[in-house]
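K.L.:
sequence unavailable; structure follows:
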């Protein structure tokens, strides 16, 4: 076999492997700049936040899509800005707690019934100087923790005390926080920061650099049951896996604008929204 033919075969194998990685992409028509993609572990339904405009826009065009466990559209616009007195400008982070769907939307955290989309509360964080709310998760105390990317802060919201909100972390080490998850094993949060930094934030609100990746534009973050961390780079189009010894492996590349990824741990899938392609993918891990 000559050299050129061998190279061609090798290239075909590589392309096939990359294609197989993305073979589980859900065919969802009608998405518009999907930012976050999560699964409800209780029902198996998937939820996608759609900005449908600029990330800073306040045009009330945003919507939330719900998929069935098999990836079919159950309700393209379960929640829609401008309908039924709902305001939804640029929805980013999404989170399920019980029967409630929480959505970070610019200066507000909004909540809805996860099955009907019925409006519940609007939590206004403007008094805390919120401008660009992003990632959202829960902590061991049951509070919601929300990153404020522009203001370099993380807020805590006590949903058991009338949605009382306060600044949980700010200052040194809190630089353009985006994705956020709680790591129960180490009792700390893992946060993607600006300039390719992955940091931890303890329950005392103090940040420490965890590791640095060779790419910028870090967005989504999640962790599997074995302690491996998965991070997406919006600007470089890659998904990294970071092992327990901080070894870094690229598990997907050549993606277009992968935004706030998360994991479906039951099916062992990485859920990746492609913001500028108006698509979502699932990747085996």
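P.N.:
Done, it's in. Bear in mind the structure is a predicted one, so any value in this text is a computation, not a measurement.

K.L.:
show me where the stretch 101-250 of the chain has strands.
P.N.:
Applying DSSP state E, counting those that start in this stretch to the stretch 101-250 of the chain gives strands spanning 108-113, 119-124, 133-138, 144-148, 153-158, 164-170, 180-183, 188-192, 197-202, 207-212, 218-223, 229-233, 238-242, 248-252.

K.L.:
pipe these into TSV and attach distance to residue 258 per row.
P.N.:
C-beta here means a position set from N, CA and C on the backbone, and glycine is covered the same way. Shown next, in TSV, are the strands of the stretch 101-250 of the chain (distance: least, C-beta to C-beta, whole Å):
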stretch	distance to residue 258
strand 108-113	24
strand 119-124	28
strand 133-138	14
strand 144-148	18
strand 153-158	22
strand 164-170	25
strand 180-183	16
strand 188-192	12
strand 197-202	16
strand 207-212	19
strand 218-223	7
strand 229-233	4
strand 238-242	6
strand 248-252	8
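
K.L.:
wait, doesn't residue 154 sit right on residue 174?
P.N.:
Yes. Counting by C-beta atoms under 8 Å, residue 154 touches residue 174, with 6.6 Å between them.

K.L.:
any residues in contact with both of these two?
P.N.:
residue 201 (C-beta atoms under 8 Å, 6 or more residues apart in numbering).

K.L.:
confidence score at residue 10?
P.N.:
Note on residue 10: pLDDT of 36.

K.L.:
swap that for residue 57, please
P.N.:
Looking at residue 57, its pLDDT reads 82.

K.L.:
what's the distance between the closest residue to it other than its chain neighbours and residue 79?
P.N.:
In this structure, residue 57 finds its nearest non-sequential neighbour in residue 90, 5.3 Å apart by C-beta to C-beta, 6 or more residues apart in numbering. Distance from residue 90 to residue 79, counting by C-beta to C-beta, to the nearest Å: 13 Å.

K.L.:
neighbour count: the two, which is higher?
P.N.:
A side-by-side neighbour count of residue 90 and residue 79, using other C-beta atoms under 10 Å, places residue 79 first with 29 against 26.

K.L.:
tell me the spacing between residue 203 and residue 170.
P.N.:
On the measure of C-beta to C-beta, residue 203 and residue 170 end up 15 Å apart.

K.L.:
fine by me, thanks again.
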